[in-house]
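Undergrad: one predicted model, sequence on top.
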Amino acid sequence: MGFELDTEHIAADNRRHFAPLQDDYEHLGHQLARRGVDIEKLTQRAMAFRVAVPSWGVGTGGTRFARFPGPGEPRNIFEKLEDCQVVFTLVRSTPGISLHLPWDRPDRVAELRQFAERCGLFFDSTNSNTFQDQPDQKLSYKFGSLAHIDSAVRLQAIEHNLECLAIGAKLGVRAHTVWIGDGGNFPGQIHLRQSLARYLESLRAIYRELPDGCRLFIEHKLYEPAFYATVLESWGTSYYCARELGDRAFSLVDLGHHPPSTNVEQIVARLIQFGKLGGFHFNDSMYGDDDLDAGSIKPFQLFLVFNELVDADLEHVPGFDPAYMLDQSHNVTDPIESLVTSAIELVRAYVQAHLVDRTKLADAQASNDPIMALQSLKDAFNTDVRPILAMARHRAGGAIDPVAVYRASGYRQRAAKARPATARQGAGIV
Ligand SMILES: [Mn+2]
(Lines give C-alpha, C1' and ligand atoms only; values in the text may rest on other atoms or scores of the structure.)
Protein backbone atom coordinates (compact mmCIF):
# COMPACT_ATOMS: atom_id res chain seq x y z
CA MET A 1 0.00 0.00 0.00
CA GLY A 2 2.86 2.39 0.70
CA PHE A 3 1.08 4.83 2.98
CA GLU A 4 1.42 3.12 6.33
CA LEU A 5 1.40 5.07 9.55
CA ASP A 6 5.04 5.84 10.30
CA THR A 7 5.94 4.47 13.75
CA GLU A 8 8.81 6.97 13.93
CA HIS A 9 6.20 9.70 13.59
CA ILE A 10 4.40 8.23 16.63
CA ALA A 11 7.65 7.97 18.59
CA ALA A 12 8.53 11.62 17.82
CA ASP A 13 5.13 12.82 18.96
CA ASN A 14 5.37 10.67 22.11
CA ARG A 15 8.71 12.28 22.98
CA ARG A 16 6.99 15.67 23.02
CA HIS A 17 4.27 14.40 25.35
CA PHE A 18 6.27 12.15 27.62
CA ALA A 19 7.48 14.60 30.31
CA PRO A 20 4.01 15.97 31.19
CA LEU A 21 2.58 12.45 31.02
CA GLN A 22 5.24 11.23 33.44
CA ASP A 23 4.29 14.07 35.83
CA ASP A 24 0.59 13.22 35.66
CA TYR A 25 1.29 9.51 36.00
CA GLU A 26 3.43 10.00 39.12
CA HIS A 27 0.85 12.31 40.67
CA LEU A 28 -1.95 9.80 40.04
CA GLY A 29 0.34 7.06 41.36
CA HIS A 30 0.66 8.93 44.67
CA GLN A 31 -3.09 9.48 44.89
CA LEU A 32 -3.81 5.81 44.22
CA ALA A 33 -1.14 4.67 46.67
CA ARG A 34 -3.05 6.53 49.41
CA ARG A 35 -6.03 4.36 48.47
CA GLY A 36 -3.87 1.24 48.65
CA VAL A 37 -3.76 0.82 44.87
CA ASP A 38 -0.59 0.06 42.88
CA ILE A 39 -0.73 2.10 39.67
CA GLU A 40 1.70 -0.25 37.95
CA LYS A 41 -0.72 -3.16 38.33
CA LEU A 42 -3.47 -1.08 36.71
CA THR A 43 -1.16 -0.13 33.84
CA GLN A 44 -0.39 -3.81 33.31
CA ARG A 45 -4.14 -4.49 33.20
CA ALA A 46 -4.64 -1.71 30.67
CA MET A 47 -1.85 -3.11 28.48
CA ALA A 48 -3.41 -6.59 28.54
CA PHE A 49 -6.92 -5.48 27.59
CA ARG A 50 -8.11 -6.60 24.13
CA VAL A 51 -11.13 -5.71 22.01
CA ALA A 52 -11.77 -6.85 18.44
CA VAL A 53 -12.50 -4.42 15.62
CA PRO A 54 -15.26 -5.27 13.14
CA SER A 55 -14.15 -5.53 9.51
CA TRP A 56 -17.26 -3.52 8.58
CA GLY A 57 -16.40 -0.74 11.04
CA VAL A 58 -13.60 0.90 9.05
CA GLY A 59 -15.98 1.94 6.29
CA THR A 60 -18.46 4.76 6.76
CA GLY A 61 -21.80 3.38 7.91
CA GLY A 62 -25.17 4.79 7.07
CA THR A 63 -28.73 5.09 8.13
CA ARG A 64 -31.79 3.94 6.22
CA PHE A 65 -31.92 7.47 4.83
CA ALA A 66 -28.46 7.88 3.40
CA ARG A 67 -24.81 7.06 3.54
CA PHE A 68 -22.19 9.76 3.17
CA PRO A 69 -18.90 8.07 2.29
CA GLY A 70 -15.66 9.65 3.42
CA PRO A 71 -12.43 9.98 1.43
CA GLY A 72 -10.07 7.04 1.10
CA GLU A 73 -12.53 4.41 2.25
CA PRO A 74 -11.25 0.85 2.07
CA ARG A 75 -12.65 -0.96 -0.97
CA ASN A 76 -11.92 -4.56 -0.02
CA ILE A 77 -10.97 -6.66 2.99
CA PHE A 78 -7.24 -6.12 2.44
CA GLU A 79 -7.65 -2.35 2.55
CA LYS A 80 -9.90 -2.73 5.56
CA LEU A 81 -7.12 -4.62 7.32
CA GLU A 82 -4.74 -1.77 6.46
CA ASP A 83 -7.04 0.60 8.35
CA CYS A 84 -7.44 -1.88 11.22
CA GLN A 85 -3.66 -1.98 11.41
CA VAL A 86 -3.62 1.82 11.86
CA VAL A 87 -6.07 1.55 14.76
CA PHE A 88 -3.97 -1.20 16.32
CA THR A 89 -0.72 0.72 15.84
CA LEU A 90 -2.15 3.75 17.62
CA VAL A 91 -3.86 2.07 20.60
CA ARG A 92 -2.21 -1.41 20.74
CA SER A 93 -5.31 -3.08 22.21
CA THR A 94 -7.10 -4.11 18.98
CA PRO A 95 -5.17 -6.91 17.21
CA GLY A 96 -8.32 -9.04 16.71
CA ILE A 97 -10.63 -8.68 13.71
CA SER A 98 -14.27 -9.69 13.59
CA LEU A 99 -14.92 -10.69 9.95
CA HIS A 100 -18.21 -10.15 8.18
CA LEU A 101 -19.37 -12.60 5.52
CA PRO A 102 -20.19 -12.19 2.72
CA TRP A 103 -19.24 -8.49 2.68
CA ASP A 104 -15.61 -9.40 3.35
CA ARG A 105 -15.52 -12.93 1.94
CA PRO A 106 -11.95 -13.64 0.85
CA ASP A 107 -11.23 -15.32 -2.49
CA ARG A 108 -8.08 -16.85 -1.06
CA VAL A 109 -8.45 -17.51 2.64
CA ALA A 110 -4.84 -18.50 3.32
CA GLU A 111 -3.58 -15.33 1.64
CA LEU A 112 -5.90 -13.21 3.80
CA ARG A 113 -4.73 -14.90 6.97
CA GLN A 114 -1.10 -14.31 6.02
CA PHE A 115 -1.81 -10.68 5.17
CA ALA A 116 -3.45 -10.17 8.57
CA GLU A 117 -0.47 -11.73 10.31
CA ARG A 118 1.90 -9.40 8.44
CA CYS A 119 -0.22 -6.50 9.77
CA GLY A 120 0.15 -7.87 13.32
CA LEU A 121 -3.55 -8.81 13.32
CA PHE A 122 -5.55 -12.02 13.63
CA PHE A 123 -9.14 -13.09 12.98
CA ASP A 124 -11.12 -13.32 16.16
CA SER A 125 -14.57 -14.29 14.89
CA THR A 126 -16.84 -14.58 11.86
CA ASN A 127 -20.29 -13.01 11.47
CA SER A 128 -22.90 -14.38 9.08
CA ASN A 129 -25.36 -12.26 7.12
CA THR A 130 -28.79 -13.59 6.26
CA PHE A 131 -30.51 -10.24 6.78
CA GLN A 132 -30.10 -9.02 3.20
CA ASP A 133 -30.03 -10.60 -0.26
CA GLN A 134 -26.79 -10.94 -2.18
CA PRO A 135 -26.63 -10.56 -5.99
CA ASP A 136 -25.91 -14.27 -6.60
CA GLN A 137 -28.51 -15.54 -4.16
CA LYS A 138 -31.20 -18.04 -5.17
CA LEU A 139 -33.89 -17.42 -2.54
CA SER A 140 -34.80 -14.15 -0.83
CA TYR A 141 -34.56 -13.31 2.87
CA LYS A 142 -37.33 -10.73 2.60
CA PHE A 143 -39.49 -12.75 4.99
CA GLY A 144 -36.75 -14.25 7.08
CA SER A 145 -33.83 -16.66 6.96
CA LEU A 146 -33.11 -19.22 9.70
CA ALA A 147 -36.73 -18.93 10.91
CA HIS A 148 -38.34 -18.62 7.45
CA ILE A 149 -41.59 -20.48 6.84
CA ASP A 150 -40.03 -22.22 3.79
CA SER A 151 -37.50 -24.93 4.62
CA ALA A 152 -35.58 -24.24 1.38
CA VAL A 153 -34.83 -20.68 2.56
CA ARG A 154 -33.85 -21.98 5.99
CA LEU A 155 -31.49 -24.49 4.36
CA GLN A 156 -29.88 -21.77 2.26
CA ALA A 157 -29.33 -19.68 5.42
CA ILE A 158 -27.91 -22.71 7.27
CA GLU A 159 -25.52 -23.42 4.39
CA HIS A 160 -24.28 -19.84 4.45
CA ASN A 161 -23.49 -20.22 8.15
CA LEU A 162 -21.70 -23.51 7.46
CA GLU A 163 -19.60 -21.73 4.84
CA CYS A 164 -18.74 -19.13 7.51
CA LEU A 165 -17.64 -21.94 9.84
CA ALA A 166 -15.43 -23.45 7.12
CA ILE A 167 -13.79 -20.10 6.33
CA GLY A 168 -13.48 -19.34 10.04
CA ALA A 169 -11.72 -22.64 10.68
CA LYS A 170 -9.12 -21.77 8.03
CA LEU A 171 -8.67 -18.32 9.59
CA GLY A 172 -8.39 -19.77 13.10
CA VAL A 173 -11.33 -17.87 14.60
CA ARG A 174 -12.59 -18.70 18.09
CA ALA A 175 -16.23 -17.78 17.61
CA HIS A 176 -19.01 -17.47 15.07
CA THR A 177 -21.74 -14.90 15.67
CA VAL A 178 -25.26 -15.25 14.26
CA TRP A 179 -27.62 -12.30 14.14
CA ILE A 180 -30.77 -12.58 12.04
CA GLY A 181 -33.25 -9.97 10.92
CA ASP A 182 -36.15 -12.44 11.13
CA GLY A 183 -39.38 -11.24 12.63
CA GLY A 184 -42.68 -9.63 11.79
CA ASN A 185 -43.72 -6.07 11.07
CA PHE A 186 -47.38 -6.66 11.91
CA PRO A 187 -49.34 -8.60 14.51
CA GLY A 188 -50.22 -11.97 13.07
CA GLN A 189 -47.50 -11.90 10.39
CA ILE A 190 -45.45 -14.64 12.04
CA HIS A 191 -46.49 -17.36 14.46
CA LEU A 192 -44.57 -16.32 17.55
CA ARG A 193 -43.88 -19.80 18.92
CA GLN A 194 -43.41 -21.63 15.64
CA SER A 195 -40.94 -19.07 14.28
CA LEU A 196 -38.73 -19.48 17.35
CA ALA A 197 -38.94 -23.28 17.01
CA ARG A 198 -37.78 -23.04 13.38
CA TYR A 199 -34.93 -20.71 14.38
CA LEU A 200 -33.76 -23.14 17.02
CA GLU A 201 -33.95 -26.09 14.63
CA SER A 202 -31.80 -24.19 12.11
CA LEU A 203 -29.31 -23.24 14.78
CA ARG A 204 -29.00 -26.87 15.83
CA ALA A 205 -27.87 -27.72 12.29
CA ILE A 206 -25.20 -24.99 12.52
CA TYR A 207 -24.16 -25.90 16.05
CA ARG A 208 -23.58 -29.54 15.04
CA GLU A 209 -20.90 -28.42 12.57
CA LEU A 210 -18.97 -26.08 14.90
CA PRO A 211 -15.24 -26.69 14.44
CA ASP A 212 -13.11 -27.59 17.45
CA GLY A 213 -12.20 -24.56 19.53
CA CYS A 214 -14.99 -22.44 18.06
CA ARG A 215 -17.94 -21.13 20.07
CA LEU A 216 -21.34 -20.12 18.72
CA PHE A 217 -22.65 -16.70 19.76
CA ILE A 218 -26.27 -15.74 19.21
CA GLU A 219 -27.15 -12.06 19.22
CA HIS A 220 -30.56 -10.83 20.29
CA LYS A 221 -32.11 -7.53 19.21
CA LEU A 222 -35.36 -6.01 20.35
CA TYR A 223 -36.45 -4.62 17.00
CA GLU A 224 -35.23 -3.54 13.59
CA PRO A 225 -35.50 -4.52 10.79
CA ALA A 226 -38.68 -6.19 12.10
CA PHE A 227 -40.71 -3.51 13.86
CA TYR A 228 -43.36 -5.57 15.62
CA ALA A 229 -41.74 -8.83 16.78
CA THR A 230 -38.17 -10.04 16.42
CA VAL A 231 -37.60 -13.81 16.63
CA LEU A 232 -34.62 -13.46 18.98
CA GLU A 233 -35.78 -10.35 20.78
CA SER A 234 -34.29 -10.51 24.25
CA TRP A 235 -31.57 -11.90 26.47
CA GLY A 236 -34.09 -14.29 28.01
CA THR A 237 -34.92 -15.93 24.69
CA SER A 238 -31.23 -15.87 23.81
CA TYR A 239 -30.37 -17.62 27.07
CA TYR A 240 -33.05 -20.24 26.46
CA CYS A 241 -31.74 -20.96 22.95
CA ALA A 242 -28.10 -21.05 24.04
CA ARG A 243 -28.99 -23.52 26.79
CA GLU A 244 -31.00 -25.68 24.39
CA LEU A 245 -28.13 -25.77 21.90
CA GLY A 246 -25.37 -26.93 24.22
CA ASP A 247 -22.16 -26.08 26.06
CA ARG A 248 -20.53 -24.22 23.19
CA ALA A 249 -23.46 -21.89 22.49
CA PHE A 250 -23.55 -18.52 24.25
CA SER A 251 -25.47 -15.28 24.28
CA LEU A 252 -23.85 -12.19 22.82
CA VAL A 253 -24.87 -8.83 24.27
CA ASP A 254 -24.94 -5.87 21.90
CA LEU A 255 -25.29 -2.87 24.20
CA GLY A 256 -27.67 -1.10 21.81
CA HIS A 257 -30.11 -3.99 21.37
CA HIS A 258 -32.33 -3.30 24.37
CA PRO A 259 -35.16 -0.93 25.14
CA PRO A 260 -34.05 2.50 26.40
CA SER A 261 -33.49 2.63 30.18
CA THR A 262 -32.76 -1.09 30.40
CA ASN A 263 -30.46 -2.24 33.18
CA VAL A 264 -27.92 -3.83 30.84
CA GLU A 265 -25.39 -4.50 33.60
CA GLN A 266 -27.97 -6.68 35.33
CA ILE A 267 -28.50 -8.64 32.11
CA VAL A 268 -24.74 -9.11 31.97
CA ALA A 269 -24.71 -10.31 35.58
CA ARG A 270 -27.54 -12.76 34.90
CA LEU A 271 -25.84 -14.25 31.85
CA ILE A 272 -22.58 -14.60 33.80
CA GLN A 273 -24.43 -16.34 36.63
CA PHE A 274 -26.12 -18.72 34.19
CA GLY A 275 -22.82 -19.49 32.43
CA LYS A 276 -23.97 -18.17 29.06
CA LEU A 277 -22.25 -14.84 28.52
CA GLY A 278 -20.27 -15.32 25.31
CA GLY A 279 -19.35 -11.85 24.23
CA PHE A 280 -20.13 -8.24 23.55
CA HIS A 281 -20.79 -5.88 20.75
CA PHE A 282 -19.87 -2.54 22.29
CA ASN A 283 -21.45 0.70 21.13
CA ASP A 284 -23.64 3.38 22.65
CA SER A 285 -27.07 4.80 21.93
CA MET A 286 -29.32 7.64 23.02
CA TYR A 287 -32.69 6.31 21.86
CA GLY A 288 -33.24 3.11 19.93
CA ASP A 289 -30.08 2.89 17.86
CA ASP A 290 -27.01 0.70 18.21
CA ASP A 291 -24.74 2.99 16.25
CA LEU A 292 -22.94 5.51 18.43
CA ASP A 293 -19.39 5.26 19.71
CA ALA A 294 -18.82 3.30 22.92
CA GLY A 295 -18.84 5.50 25.99
CA SER A 296 -20.08 8.58 24.14
CA ILE A 297 -23.54 8.79 25.75
CA LYS A 298 -23.66 6.64 28.88
CA PRO A 299 -20.12 6.19 30.23
CA PHE A 300 -21.45 5.32 33.70
CA GLN A 301 -23.45 2.42 32.26
CA LEU A 302 -20.36 1.21 30.42
CA PHE A 303 -18.44 1.37 33.70
CA LEU A 304 -21.20 -0.59 35.48
CA VAL A 305 -21.09 -3.27 32.77
CA PHE A 306 -17.33 -3.59 33.25
CA ASN A 307 -17.85 -3.61 37.00
CA GLU A 308 -19.82 -6.84 36.57
CA LEU A 309 -17.22 -8.27 34.18
CA VAL A 310 -14.26 -7.45 36.42
CA ASP A 311 -16.11 -8.72 39.49
CA ALA A 312 -16.70 -12.08 37.76
CA ASP A 313 -13.12 -12.22 36.55
CA LEU A 314 -11.67 -11.51 40.00
CA GLU A 315 -13.98 -14.14 41.46
CA HIS A 316 -12.84 -16.69 38.85
CA VAL A 317 -16.40 -17.57 37.89
CA PRO A 318 -16.13 -20.96 36.10
CA GLY A 319 -16.30 -20.73 32.31
CA PHE A 320 -16.19 -16.92 32.32
CA ASP A 321 -14.39 -15.97 29.10
CA PRO A 322 -16.27 -13.24 27.22
CA ALA A 323 -15.08 -12.00 23.83
CA TYR A 324 -15.09 -8.23 23.40
CA MET A 325 -15.92 -6.67 20.05
CA LEU A 326 -16.86 -3.20 18.86
CA ASP A 327 -19.97 -2.90 16.67
CA GLN A 328 -20.79 0.68 15.74
CA SER A 329 -21.90 2.59 12.68
CA HIS A 330 -19.60 5.52 11.94
CA ASN A 331 -21.87 7.80 9.99
CA VAL A 332 -20.35 11.25 10.53
CA THR A 333 -16.81 10.55 11.77
CA ASP A 334 -13.60 9.17 10.34
CA PRO A 335 -14.07 5.49 11.25
CA ILE A 336 -10.43 5.15 12.32
CA GLU A 337 -10.85 7.99 14.83
CA SER A 338 -14.09 6.50 16.16
CA LEU A 339 -12.51 3.06 16.60
CA VAL A 340 -9.45 4.54 18.31
CA THR A 341 -11.49 6.59 20.79
CA SER A 342 -13.98 3.76 21.40
CA ALA A 343 -11.22 1.25 22.13
CA ILE A 344 -9.81 3.75 24.66
CA GLU A 345 -13.24 4.19 26.28
CA LEU A 346 -13.40 0.43 26.87
CA VAL A 347 -9.96 0.31 28.47
CA ARG A 348 -10.98 3.29 30.63
CA ALA A 349 -14.11 1.51 31.91
CA TYR A 350 -12.09 -1.68 32.44
CA VAL A 351 -9.37 0.07 34.46
CA GLN A 352 -11.92 2.08 36.46
CA ALA A 353 -13.78 -1.15 37.29
CA HIS A 354 -10.50 -2.49 38.69
CA LEU A 355 -10.39 0.57 40.98
CA VAL A 356 -13.57 -0.44 42.81
CA ASP A 357 -12.81 -1.15 46.46
CA ARG A 358 -14.65 -4.48 46.55
CA THR A 359 -14.18 -4.99 50.27
CA LYS A 360 -15.77 -1.61 50.96
CA LEU A 361 -18.57 -2.41 48.50
CA ALA A 362 -19.24 -5.82 50.08
CA ASP A 363 -19.23 -4.28 53.56
CA ALA A 364 -21.72 -1.62 52.45
CA GLN A 365 -23.97 -4.30 50.95
CA ALA A 366 -23.71 -6.43 54.09
CA SER A 367 -24.68 -3.52 56.31
CA ASN A 368 -27.48 -2.24 54.03
CA ASP A 369 -25.69 1.03 53.38
CA PRO A 370 -26.72 2.24 49.91
CA ILE A 371 -24.84 5.54 50.10
CA MET A 372 -21.51 3.90 50.86
CA ALA A 373 -22.18 1.21 48.25
CA LEU A 374 -22.78 3.82 45.57
CA GLN A 375 -19.82 5.87 46.77
CA SER A 376 -17.48 2.91 46.42
CA LEU A 377 -18.52 2.67 42.77
CA LYS A 378 -18.41 6.42 42.20
CA ASP A 379 -14.94 6.71 43.77
CA ALA A 380 -13.72 4.40 41.02
CA PHE A 381 -15.77 5.94 38.22
CA ASN A 382 -14.74 9.49 39.12
CA THR A 383 -11.03 8.70 39.06
CA ASP A 384 -9.36 10.24 36.04
CA VAL A 385 -7.32 7.31 34.73
CA ARG A 386 -6.15 9.00 31.51
CA PRO A 387 -2.47 8.95 32.56
CA ILE A 388 -2.71 5.16 33.02
CA LEU A 389 -4.29 4.68 29.59
CA ALA A 390 -1.74 6.93 27.88
CA MET A 391 1.18 5.30 29.68
CA ALA A 392 -0.12 1.84 28.74
CA ARG A 393 -0.30 2.84 25.07
CA HIS A 394 3.14 4.40 25.20
CA ARG A 395 4.77 1.37 26.80
CA ALA A 396 3.13 -0.91 24.23
CA GLY A 397 4.48 1.22 21.38
CA GLY A 398 1.25 3.10 20.69
CA ALA A 399 0.51 6.81 20.72
CA ILE A 400 0.13 9.00 23.79
CA ASP A 401 -2.17 11.28 21.78
CA PRO A 402 -3.50 8.92 19.09
CA VAL A 403 -6.10 11.06 17.29
CA ALA A 404 -3.72 14.02 16.99
CA VAL A 405 -0.93 11.76 15.71
CA TYR A 406 -3.29 10.16 13.21
CA ARG A 407 -4.51 13.52 11.90
CA ALA A 408 -0.98 14.89 11.61
CA SER A 409 0.18 11.76 9.80
CA GLY A 410 -1.84 12.52 6.67
CA TYR A 411 -2.86 8.86 6.44
CA ARG A 412 -6.40 9.62 5.33
CA GLN A 413 -5.22 12.01 2.63
CA ARG A 414 -2.78 9.43 1.27
CA ALA A 415 -5.50 6.77 1.42
CA ALA A 416 -7.82 9.06 -0.58
CA LYS A 417 -5.23 9.24 -3.37
CA ALA A 418 -4.43 5.52 -3.30
CA ARG A 419 -8.07 4.38 -3.12
CA PRO A 420 -10.26 6.19 -5.60
CA ALA A 421 -13.92 5.66 -4.78
CA THR A 422 -15.73 2.75 -6.40
CA ALA A 423 -19.31 1.65 -6.19
CA ARG A 424 -19.32 -0.41 -3.02
CA GLN A 425 -21.79 -2.54 -1.24
CA GLY A 426 -23.79 -0.68 1.38
CA ALA A 427 -22.48 -1.04 4.88
CA GLY A 428 -24.97 -2.35 7.35
CA ILE A 429 -24.70 -2.77 11.01
CA VAL A 430 -25.93 -5.56 13.22
MN1 LIG B 1 -24.13 -6.25 16.99
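TA: Cool, got the structure.

Undergrad: counting neighbours, what do you get for residue 312?
TA: Neighbour count of residue 312, defined by other CB atoms under 10 Å: 17. Placement of C-beta: from N, CA and C, glycine included.

Undergrad: ok now whichever strand or helix holds it, how far from the chain's centre?
TA: Using DSSP states H and E, residue 312 maps to helix 299-314. Remark: helix 299-314 is offset 15 Å from the chain centroid, using CA atoms, centre = their mean, to the nearest Å.

Undergrad: and residue 147, how far is that from residue 273?
TA: Noted for residue 147: a distance of 28 Å to residue 273, by CB to CB, to the nearest Å.

Undergrad: same drill for the two, tell me which one is more crowded.
TA: Each of residue 147 and residue 273 has its neighbours counted (other CB under 10 Å); residue 147 has more, 28 against 12.

Undergrad: now do the contacts for the more buried one.
TA: The contact partners of residue 147, by CB atoms under 8 Å, 6 or more residues apart in numbering, come to 154, 180, 182, 190, 195-196, 198-199, 202, 231.

Undergrad: if we go to 6 Å?
TA: For residue 147, the contacting residues are 182, 195, 198-199, 231, by CB atoms under 6 Å, 6 or more residues apart in numbering.

Undergrad: which of these fall in helices?
TA: Judged by DSSP state H, the contacts of residue 147 include 195, 198-199 as members of helices.

Undergrad: which one of these is nearest to the ion?
TA: residue 199 (17.2 Å; CB to the ion).

Undergrad: burial count for the closest one?
TA: The number of residues packed around residue 199, counting by other CB under 10 Å, is 24.

Undergrad: that one against residue 148, yeah?
TA: No. Residue 199 lies out of contact with residue 148 (CB atoms under 6 Å); the separation is 9.5 Å.

Undergrad: where along the stretch 101-250 of the chain do the strands fall?
TA: Using DSSP state E, counting those that start in this stretch, the strands of the stretch 101-250 of the chain run over 122-127, 175-178, 183-184, 215-219, 229-230, 249-254.

Undergrad: so for the ion, which of those sits nearest?
TA: strand 249-254 (3.7 Å).

Undergrad: who are the packing partners of the closest one?
TA: With contacts taken as 3 or more CB pairs under 6 Å, 6 or more residues apart in numbering; DSSP states H and E, strand 249-254 sits against strand 215-219, helix 235-245, strand 277-282.

Undergrad: run through who's touching the helix or strand harbouring residue 339.
TA: If you go by DSSP H and E, residue 339 is part of helix 335-354. By CB under 6 Å, 6+ apart, the list of residues contacting helix 335-354 from outside reads 42, 45-46, 49, 51, 53, 57-58, 83, 86-87, 90-91, 93-94, 293-295, 302-303, 306-307, 310, 326, 330, 380-381, 385, 388-389, 402-403.

Undergrad: okay, the contacts of residue 147 in JSON lines with distance to the ion next?
TA: Output for the contacts of residue 147, formatted as JSON lines (distance: CB to the ion, whole Å):
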{"residue": "182", "distance to the ion": "15"}
{"residue": "195", "distance to the ion": "21"}
{"residue": "198", "distance to the ion": "22"}
{"residue": "199", "distance to the ion": "17"}
{"residue": "231", "distance to the ion": "16"}
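
Undergrad: per-residue pLDDT of the residue sitting furthest away from the middle of the chain, please?
TA: Centroid-distance maximum for the chain: residue 367 at 37.3 Å, with CA atoms, centre = their mean. The per-residue pLDDT reported for residue 367 equals 98.

Undergrad: quick one, phi/psi of residue 52?
TA: Main-chain dihedrals, residue 52, degrees, to the nearest 10: phi -80, psi 150.

Undergrad: wait, what's in contact with it?
TA: 96, 98, 124, 325 are the contacts of residue 52 under CB under 6 Å, 6+ apart.

Undergrad: right, and the helix or strand after the helix holding residue 339?
TA: Downstream of helix 335-354, the first helix or strand assigned by DSSP H and E is helix 358-366.
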